[in-house]
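Asker: let's see this in three dimensions:
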Amino acid sequence: VMAKAWHLLSRARYDAEAMARENKVRTNFQAALRKIQQPGAGNLHSTIDEACSNAVEIYALGVSRARLCGEGGRAFAALREPLLAAEAYKEAAASFGEVTL
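Answerer: Numbers count the residues shown, from 1 in each chain. Next comes the predicted model:
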């Protein structure tokens, strides 16, 4: 169970493919937000649609990471490792981060 807990938490922290995807989507989201703020930005509706689509994907990626951290936290709690469980739950809560312009 301990190995599974660490595996889940490590996947949430270090999955290179998921991190690259999230970075790409966040970059696209930020670009769409900047474009929306520019006067005469062109087709505003398609830009807003793009931003919304990216926001939904950012949320889904955050939920996926939070789920892995939560599973790891539950496994650590079952092993009576409260500090490790708290660390995993803290990471789950922070998995959504914040988006800045």
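
Asker: contacts, neighbours, all on C-alpha from now
Answerer: Fine.

Asker: in which helix or strand does the spatially most central residue of the chain reside?
Answerer: Most central in the chain under Cα atoms, centre = their mean is residue 62, positioned 2.8 Å from the mean C-alpha point. Assigning secondary structure by DSSP states H and E places residue 62 in helix 44-78.

Asker: tell me how far that helix is from the chain's mean position?
Answerer: Remark: helix 44-78 is offset 5 Å from the chain centroid, using Cα atoms, centre = their mean, to the nearest Å.

Asker: what's next to the next helix or strand after it, contact-wise?
Answerer: Heading C-terminal from helix 44-78, the first helix or strand you meet, by DSSP H and E, is helix 82-94. With contacts defined as Cα atoms under 8 Å, 6 or more residues apart in numbering, helix 82-94 is touched by 9, 65-70, 72-77.

Asker: and the residues you listed as JSON lines, adding distance to residue 27 and pLDDT?
Answerer: Shown next, in JSON lines, are these (distance: Cα to Cα, whole Å; pLDDT from 0 to 100):
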{"residue": "9", "distance to residue 27": "25", "pLDDT": "88"}
{"residue": "65", "distance to residue 27": "18", "pLDDT": "90"}
{"residue": "66", "distance to residue 27": "21", "pLDDT": "91"}
{"residue": "67", "distance to residue 27": "23", "pLDDT": "91"}
{"residue": "68", "distance to residue 27": "24", "pLDDT": "91"}
{"residue": "69", "distance to residue 27": "24", "pLDDT": "92"}
{"residue": "70", "distance to residue 27": "27", "pLDDT": "92"}
{"residue": "72", "distance to residue 27": "29", "pLDDT": "93"}
{"residue": "73", "distance to residue 27": "30", "pLDDT": "93"}
{"residue": "74", "distance to residue 27": "32", "pLDDT": "93"}
{"residue": "75", "distance to residue 27": "34", "pLDDT": "94"}
{"residue": "76", "distance to residue 27": "34", "pLDDT": "94"}
{"residue": "77", "distance to residue 27": "36", "pLDDT": "95"}
